[in-house]
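> What follows is a predicted protein model with its sequence.
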Amino acid sequence: KLSINAFDYNCHLDLIKLLRQEGELVKLRRARQKMSELFPLTEEIWLDWLKDEIKMASEISEREKVYELFERAVKDYICPEIWLEYAQYSIGGIGQEGGIEKVRSIFERALTAVGLHVTKGTALWEAYREFENAILETAQPAPGSIPSPEQQQVLCSQLERIHTLFRRQLGIPLLDMEASYAEYEEWSEEPIPETTIKNYKKALQQLEKCKPYEEALLGAETPKLAEYQAYIDFEMKAGDPARIQLIYERALAENCLVPDLWARYNQYLDRQLKVKELVLSAHDRAVRNCPWTVGLWIRYLLAMERHRVEHSIISEMFEKALNAGFIQATDYVEIWQAYLDYLRRRVDFTQDSSKELEELRSAFARAVEYLKQEVEERFSESGDPSCTIMQNWARVEARLCNNMQKARELWDNIMTKGNAKYANMWLEYYNLERAHGDTQHCRKALHRAVQCTSDYPEHVCEVLLTLERIEGTLEDWDAAVQKTENRLARVNEQRAKAAEKEAALAKQEEERAEQRKQARAEKKASKKAKKTRTGDKRKADEDDDGEWGQEEELPSKRHRGEGDGVLPEEDMEVETGLFGRSEKADGPAVPKEKASTSRKDTPKVFHDSSKDKVTVFVSNLSYTMAEPEAKLRELFGSCGEVVEVRAVFNNKGTFRGYCYVQFKEEEAARQALALDRTAMEGRPMFVSPCVDKNKNPDFKVFRYSTTLEKHKLFISGLPFSCTKEELEEVCKAHGNVKDIRLVTNRAGKPKGLAYVEYENEAQASQAVLKMDGLTVKDHVIKVMISNPPLRKLPDRPEPSRASLSLAPRQIYGARGKGRTQLSMMPRALQRQSNPVAKAENGMVQNSPAASSDPPAEPKKMSNADFAKMLLKK
């Protein structure tokens, strides 16, 4: 695959992984080398490579190769871990000549690169101090001996070096600054200088300003581009170049494939810092990360020219750009134009000929040929339909080289490439002739333009007449007038024919649209007639069956809440009448024939809302639970005296998975809430207060916070087999764990998610830094500060009284809603059995209030009556 496409990033990764598994060290080194030449490598890839090379490096020469590899690694991205590894590895060579100074040099470079990193910079400062403290220990005189003046000087010098490190660190806003300050107080035998204290307090204030942005980064999901952009804007206002550079580098480490971010960073470096090594390094990394973005290559060429890089290097970089694989033809036109501009700026046009001028002309010719051959073959277009490169070449020849003959040849070539029909192309050539040619060629060009132009011939004709009015003879004027009139007459004739043709086409389209509309109407009518015939047949069949109005009752929809309140009793137990409306509570309940004999004769017991304070609602129980009353009475008996356990069954006598537990005392009900999520026959049982959601619609029983909690972590990607104890063992290494909650589904099965609560925010932040990306049982976990997204609840318009009283209640089957929500009952039968008569002259006739007669039974209808009613409607 790589032999076909060397820029396949994922294929490089797969090859490296396979070679590492097989232990092919030579091939592995070669594969990594090839990938590093094409792409910047991530921190993880570099660390794996470095660790493999460190294991094999034993000789001094091999150690030098590892040093070279470290130097390459720290240039790709800002990587605090790589810098720390580099410094620690260099300590191993402290015994060599100049070893100590080399280690110090690496530490200083590391501090320059990442010492300002708010969350990760502290580790480098501490490592540097530990190294200097180790040197201090070796400089201490033996116990009981008196140090010589030289030893005393070395000792004082080393102490001052450590003091300086402490003071430098305390002047930078870093995480856990307070701990570093306390350590300095404990270590130093002298009082801390006022200047250091002042700088420390100033850094603390700066840290408080940075904390919201750092917390936003900790709580956000990768790639965190919006959060980084806000942080960049904050640092830009502060105006510290080192901090601006650092936050850009941090953002690019996680958004390395965002061209706009690279462009903004490079623009800042070009305009503000202007340090050659820094600027060119950033441009080089930009084009290696996003080689398909032509704008980054153009900025790189300009930066190289700005910093006076050798011509051969710039030309080599341009050749790399041509092989970068741009995604559209116009990109190649832009990169060629940028390179030609660079070559043109190198030419001294005061000389008749020079090496640079010949190179420029050769590049123009190559560009035209390249677009014609390479680009057109790949994209089926040159990307330069108006020949802008040839136009610029012609301008250079005419204006800078005074070679109008070559310019005319180029324009002749431009017109033969399909541009002769455009007025603006002719006028561009005409303006060039007016500036650097003669009147004869101007007149000739305009005459050709009048003859060939098809888009704006009037404009070209006007320019020709203007020329002849100012500079032409009478014969020239007459010729121009005759030519323009003839041309405009032909153009108007062609336009009239085109308009007639367009009108005819529009009329045909209207006729076809009308035919399609008529066909759709006929098809719709036939479908309606067919549906009516089918409906008549179905009604006749129903009439033959006897009492067509009787309908089999469907079971209520299964409850799916998580114990978040009491369901209305009428939704659970009251049976439905003939027309889909609930019968009155005191009416007779007609059980189904197939109902369980053990439950069908049980009288309906309605919930007494006055007992809510001594009652809890229990849900998510197994539908197959046998004798739920007895089991729950035994379970809740530990909380207090249980007055009643009322399980809810459907019309078939099947347990519906929820019930009410009533206690004698209110305190017992409160204690029962502690049994929430208790396992019951393999499922977590939900226990919640008994609250009528109709009366308290805003009542919530979710007991966990749904807002940002800086001391709590959210962990995802956990293996399902991970236990609470195993997770606690991992988490307690980074702070005091107060609570761990493993998230499960309604069946009690783990979802691979967990919430871990620490004592304070600092411990949680440290845990995020050290645990994110950790592998637990072959699963890479993701760790972030707990900040659940807001739940978007659908807007439910409040129904009017009329809709509540008139709309029939929906009846769903055991599987919930069917594929259609259309009622299979005729609308006429969904009306109330005793409809209110229409009002006439403001008086209601035959209203129930005005009459004491009982409502009449609805008249049974024959098939003929039913058909008449339907047709009437």
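Thanks, I have the structure now.
> Strands of the stretch 601-750 of the chain, residue ranges please.
With DSSP state E, counting those that start in this stretch, the ranges of strands along the stretch 601-750 of the chain come out as 615-619, 642-649, 655-663, 678-680, 683-689, 709-716, 737-744, 750-758.
> Could you tell me the angle between the last one and strand 709-716?
Right, strand 750-758. Orientation check (axes from the mean of the first three to the mean of the last three CA atoms, to 10 degrees): strand 750-758 against strand 709-716 gives 160 degrees.
> by contact count, what packs against strand 750-758?
On a contact count with 3 or more CB pairs under 8 Å, 6 or more residues apart in numbering; DSSP states H and E, strand 750-758 meets strand 709-716, helix 724-731, strand 737-744, helix 761-771. (Glycine included, C-beta is placed from N, CA and C.)
> Just send those back as a markdown table, with distance to Pro193, mean pLDDT and mean neighbour count too.
Putting the helices and strands packed on strand 750-758 into a markdown table (distance: least, CB to CB, whole Å; pLDDT from 0 to 100; neighbours: other CB atoms under 10 Å) gives the following:
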| stretch | distance to Pro193 | mean pLDDT | mean neighbour count |
| --- | --- | --- | --- |
| strand 709-716 | 34 | 86 | 20 |
| helix 724-731 | 40 | 88 | 15 |
| strand 737-744 | 40 | 86 | 16 |
| helix 761-771 | 27 | 76 | 18 |
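> okay if I get those as a markdown table plus distance to Ser3?
Below are the helices and strands packed on strand 750-758 laid out as a markdown table (distance: least, CB to CB, whole Å):
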| stretch | distance to Ser3 |
| --- | --- |
| strand 709-716 | 39 |
| helix 724-731 | 44 |
| strand 737-744 | 47 |
| helix 761-771 | 41 |
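> quick one, which of these is nearest to Asn199?
For these, proximity to Asn199 was assessed by CB to CB; helix 761-771 is nearest, at 22.0 Å.
> Residues touching that closest one, excluding its own?
Residues from elsewhere that reach helix 761-771, judged by CB atoms under 8 Å, 6 or more residues apart in numbering: 119-120, 175-176, 218, 710-713, 715, 730-731, 734-736, 756, 758, 781, 783-785.
> where does the protein dip in pLDDT?
Where the chain drops to pLDDT under 70, the residues are 532-607, 693-706, 746-747, 762, 789-873.
> Show me how the record splits it into domains.
The domain map for the chain lists 120-210, 269-493, 615-689, 712-785, with the assignment taken from the TED database.
> got the end-to-end distance for the last one?
Distance across domain 712-785, first residue to last, is 6 Å (CA to CA, to the nearest Å).
> Any idea how far that domain is from the middle of the chain?
Centroid separation for domain 712-785 versus its chain: 24 Å, with CA atoms, centre = their mean, to the nearest Å.
> With adjacent residues omitted, what lies nearest to Leu632?
Once flanking residues are discounted, Leu632 sits nearest to Val645: 4.9 Å by CB to CB, 6 or more residues apart in numbering.
> Quick check, that neighbour in contact with Arg633.
Yes. Contact status for Val645 versus Arg633: in contact at 4.9 Å, counting by CB atoms under 8 Å.
> Comparing those two, which shows the higher neighbour count?
Taking neighbours as other CB atoms under 10 Å, Val645 and Arg633 compare with Val645 leading, 19 against 15.
> and the more buried one, how far is that from Asp692?
Using CB to CB, to the nearest Å, Val645 is found at 20 Å from Asp692.
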